[in-house]
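[1] Show me how the following folds:
(chains A and B)
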2 protein chains.
Amino acid sequence: MNFPKTVKICEVGPRDGLQNEKKLLSTEQKIELVNGVLASGISSIEIGSFVHPKAIPQMADTEKVMQAIGKRKNVEFRALITNLKGVERAIDAGVDKVKLTVSASKSHNLSNFNCTPEQSVASFDECVKVALEAGLEVSGAISTTFGCPFEGKIPLKQITKLIESFRDIGIKEISLSDTTGVANPRQVYDQLNTLKKHYKDVIFHLHFHNTRGQALANIIAGMQAGVTHFDGSFAGLGGCPYAPGASGNIATEDIVHMLEDMNIDTGINLDALLCIAKKAQEFVGHETDSAILRAGKSSELIPNKPKKQIIL
Amino acid sequence: MNFPKTVKICEVGPRDGLQNEKKLLSTEQKIELVNGVLASGISSIEIGSFVHPKAIPQMADTEKVMQAIGKRKNVEFRALITNLKGVERAIDAGVDKVKLTVSASKSHNLSNFNCTPEQSVASFDECVKVALEAGLEVSGAISTTFGCPFEGKIPLKQITKLIESFRDIGIKEISLSDTTGVANPRQVYDQLNTLKKHYKDVIFHLHFHNTRGQALANIIAGMQAGVTHFDGSFAGLGGCPYAPGASGNIATEDIVHMLEDMNIDTGINLDALLCIAKKAQEFVGHETDSAILRAGKSSELIPNKPKKQIIL
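    Sure, this is the predicted structure:
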């Protein structure tokens, strides 16, 4: 196995993590979390989304959070959008990049946006133009890439069609999301291997939920296929509405812990990250799926001489 | 990445899972669990251990469990032992195989057995002879292979010394245990790659705890190094006394779920396994770390037409 020397992590907790919480965090709490993420050395943050506040009230104050934080040198703030109105709000708020999202599954896209995936992407053309004119970067995201809760596995052809539509409108950074945590390592390796060979000009990001405990294994498989961009969410926040009680996004600290142990550089201070993960847990007020918050780092040794204790 | 066509899983729940429970299960409950494991198609079961009942009272009735189950065609019942007395009890109980265990870490072995690892293995010579004479198979286990809570990382030389000592006394099936869940995928791949090249006559088994959520990723790395034998514990029972509240052994159902999704045959019926995992959870009376018990299988689709619901 060959592993990359460095990996780039994007913190999506402020968006994908918090949008799934019933309890609305205050704008001040969100600002505190984002400042903490910045302090840990993370240089790519999905700070929120610009969708209708009635649809996702948790993200209604993304403008305020972004304006309070302000642009930073060498840090990329991205926001998720689904239409032109979103782009306009993103421009006003001062984010660096917009992420245009579509589902690989027809049923899922219809359920979310009342139109087919093809219609979604067609409507992005104008968004891209407006964003680029305003000096923003653009990226795309394909949700349910590795499976849909209504349709099951998605044929690779459906994914490539969307990738090509994205490329046609000038988007060459594409995030593939395992929205409900159904991806497996062989699938991730095979699909990404194929996609990276076919679309050498595209930078693929991978976004895994840990619903079935397979996210870190999928990240290993992604790295084997040459992917070096992964999303994580502080404290493992985020969820899957179809599997209540299941794990959410893979915890950023769990990814960084594994990579650090593997001597793969992320440029992130794990201890600082753990402080923020703990704070995020406090703010949402419930346990979340973060292995390292529970167990501590593998490098933490028992300092005292062990007592006689049988552990087989 | 190349994956094996088949993988052999050993269910260690009756031993490594239950030995960590404060609540003692009744012999009848244990028998029910083992019968359920057999019904799922698992053909290798670590049914208990023969150590002093004062040290591990949870395993005091291993004889009774084994005798109630009885030998089965094409099923291997193994038991963990640490000395000659254990072998004698194993022979009387009718298990098929004994597993002689030693720690790679001097501090850990001293803490467990009051002697150095070398002294432990030296004392196994007689155990092997007696076991083989009685028609039992023998195997070895090295705990803290990937790190020790007192000493940190263990030099590979310490592991190879123990492997060679095991071979010297005729043991060629060796289980490498990540006792406190500190292994990472690069380490697992590198070490197993080296060990398998050096000791072509040894069959390596891997035993991972999911303390830091990395067990499935480590299994992927193990398979890349050519390992096809892995341990799991129903419902993810088992724990790490140094990380209270952390996950235990990797759940057998989580391994089987991932492998099934990857088209790797285990010969195990996942639904039957999930029933037993649920029962194990009921018997111990608390939540455990089993992703698939919480989330359900990735193949389970939402049967009804989705309602309008934004999931980004």
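[2] Listing request: residues of chain A with sub-threshold pLDDT.
    A:304-312 (pLDDT under 70).
[3] close to chain B, is the longest helix seen in it?
    Using DSSP state H, we find that the single longest helix of chain A is helix A:117-133. No. Helix A:117-133 lies out of reach of chain B by C-beta under 8 Å from any C-beta of the partner chain, never closer than 12.0 Å. Backbone N, C-alpha and C define where each C-beta goes, glycine included.
[4] Residue A:47 is in contact with residue A:75, correct?
    No. Applying C-beta atoms under 8 Å as the test, residue A:75 and residue A:47 come out as separate, 10.1 Å apart.
[5] hang on, the earlier thing: please see if the next helix or strand after the longest helix of chain A touches chain B.
    Downstream of helix A:117-133, the next assigned helix or strand under DSSP states H and E is strand A:137-143. Yes. With C-beta under 8 Å from any C-beta as the criterion, chain B is reached by strand A:137-143 at residue A:143.
[6] can you give me the strands for chain A?
    A:8-11, A:44-50, A:76-81, A:97-103, A:137-143, A:173-178, A:203-208, A:229-232 (DSSP state E).
[7] Is it possible to get TSV of these that adds mean neighbour count and distance to residue B:159?
    Shown next, in TSV, are those (neighbours: other C-beta atoms under 10 Å in any protein chain shown; distance: least, C-beta to C-beta, whole Å):
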stretch	mean neighbour count	distance to residue B:159
strand A:8-11	23	32
strand A:44-50	26	39
strand A:76-81	25	43
strand A:97-103	26	46
strand A:137-143	23	44
strand A:173-178	24	35
strand A:203-208	22	32
strand A:229-232	25	31
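[8] Present these as JSON lines; the columns should include distance to residue A:20.
    Converted to JSON lines, these look like this (distance: least, C-beta to C-beta, whole Å):
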{"stretch": "strand A:8-11", "distance to residue A:20": "15"}
{"stretch": "strand A:44-50", "distance to residue A:20": "12"}
{"stretch": "strand A:76-81", "distance to residue A:20": "13"}
{"stretch": "strand A:97-103", "distance to residue A:20": "15"}
{"stretch": "strand A:137-143", "distance to residue A:20": "14"}
{"stretch": "strand A:173-178", "distance to residue A:20": "14"}
{"stretch": "strand A:203-208", "distance to residue A:20": "14"}
{"stretch": "strand A:229-232", "distance to residue A:20": "14"}
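[9] So for residue A:260, which of the ones you listed sits nearest?
    strand A:8-11 (11.2 Å; C-beta to C-beta).
[10] Tell me the buried residues in the longest helix of chain A?
    Residues of helix A:117-133 classed as buried by neighbour count (16 or more other C-beta atoms under 10 Å in any protein chain shown): A:117, A:120, A:121, A:123, A:124, A:127, A:128, A:130, A:131.
[11] how about the closest residue to the first one other than its chain neighbours, what does it touch?
    Using C-beta to C-beta, 6 or more residues apart in numbering or on different chains and skipping the chain neighbours, the partner closest in space to residue A:117 is residue A:109 (4.6 Å). The contact partners of residue A:109, by C-beta atoms under 8 Å, 6 or more residues apart in numbering or on different chains, come to A:102, A:103, A:115, A:116, A:117, A:120.
[12] Same question for residue A:45.
    So residue A:45 contacts A:10, A:11, A:14, A:34, A:37, A:38, A:75, A:76, A:77, A:78 (C-beta under 8 Å, 6+ apart).
[13] The same query, at a cut-off of 6 Å, please.
    A:11, A:37, A:77 (C-beta atoms under 6 Å, 6 or more residues apart in numbering or on different chains).
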